[in-house]
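Could you look at this predicted model? Sequence included:
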Amino acid sequence: MIKAVDIRKRFGALEVLKGVSLEVKRGEVISIVGASGAGKTTLLQILGTLSKADGGELLIDGERVEEMNDRTLSRFRNQKIGFVFQFHHLLPEFTAFENVTIPALIGGMPQREAEQRATELLRLVGLAERGEHKPSQLSGGEQQRVAIARALINSPAVLLADEPSGNLDSRNREEIHRLFFELRERLGQTIVIVTHDEQLAAMADRRIVMRDGGIVE
């Protein structure tokens, strides 16, 4: 599903990624761990096409990313990649249901289909009865579940998560951890998770360790 070869990234004089190569199979859940500054988030941003590598090759679902222009890349990102961040970034003026629906409408999905899929996803993440609530009316764990449903609305090839449980208490953290693996079982979802949470990292099919801009384990 993902093939990254010799990915390099520099910010000024600082070389953040020093030739990282990584393959992720379809339906695999991998965790990426390492100290702050190891390059984890930079790698995730490149895998998610939010940032461009200075060198190397990146294929996602068989498509070569570095050859795409900005317009093609934006559409590819909308259709193929789902994002979950530490802070949910829900739009406060919209309901949970509307927040989940918006990426589908942006991608050109017919409204009826988008609404039906949003309803199914809210049920899948355990929020069938909370769709009409705005983010301020939801707990932190519920808000993150809405963000996960939103990330899945376009049936992405890859779900990328950056510290997805880092802002939650222990009970909600464990529920979010379980949810990722339920998504893999039910949807066959490929998931890459950057985390400092060793419990979550250990649950993954593979645990990738980064240090000083490279993969060491």
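Noted; the coordinates are in hand. If you're wondering where the values come from, they're calculated on a predicted model, not measured in any experiment.

For the closest residue to Leu127 other than its chain neighbours, give me the pLDDT.
Among residues not flanking Leu127 along the chain, Arg145 sits closest, at 5.6 Å (CB to CB, 6 or more residues apart in numbering). (Glycine included, C-beta is placed from N, CA and C.) For Arg145, the pLDDT comes out at 86.

Quickly list what Ile193 is bridged to.
Beta-bridge partners for Ile193, by DSSP bridges, are Ser31, Ala161.

re earlier: any idea which helix or strand carries the residue nearest to Leu127?
Arg145 is located in helix 140-152, with elements delineated by DSSP states H and E.

neighbouring contacts of that helix?
With CB atoms under 8 Å, 6 or more residues apart in numbering as the test, helix 140-152 has contacts from 82-85, 88-90, 96, 99-100, 102-103, 118, 121-122, 124-127, 130, 135, 138, 159, 164-165, 167-169, 171-172, 175-176, 179, 183, 187, 189.

Okay, and which of these map to helices?
96, 99-100, 102-103, 118, 121-122, 124, 171-172, 175-176, 179, 183, 187 (DSSP state H).

ok, back up a step: filter the contacts of helix 140-152 to the buried ones?
For those, a burial check counting by 16 or more other CB atoms under 10 Å picks out 82-85, 88, 90, 96, 99-100, 102-103, 118, 121-122, 124-125, 127, 130, 135, 138, 159, 164-165, 167-168, 172, 175-176, 179, 183, 187, 189.

Return the distance of the lowest-mean-pLDDT helix or strand in the chain from the chain's centre.
Of all helical and strand segments in the chain, the minimum by mean pLDDT, DSSP states H and E falls on helix 170-187, at a mean of 81. How far helix 170-187 lies from its chain's middle: 13 Å, per CA atoms, centre = their mean, to the nearest Å.

Could you do stretch 40-60 as well?
What separates the centre of stretch 40-60 from the centre of its chain is 13 Å, taken as CA atoms, centre = their mean.
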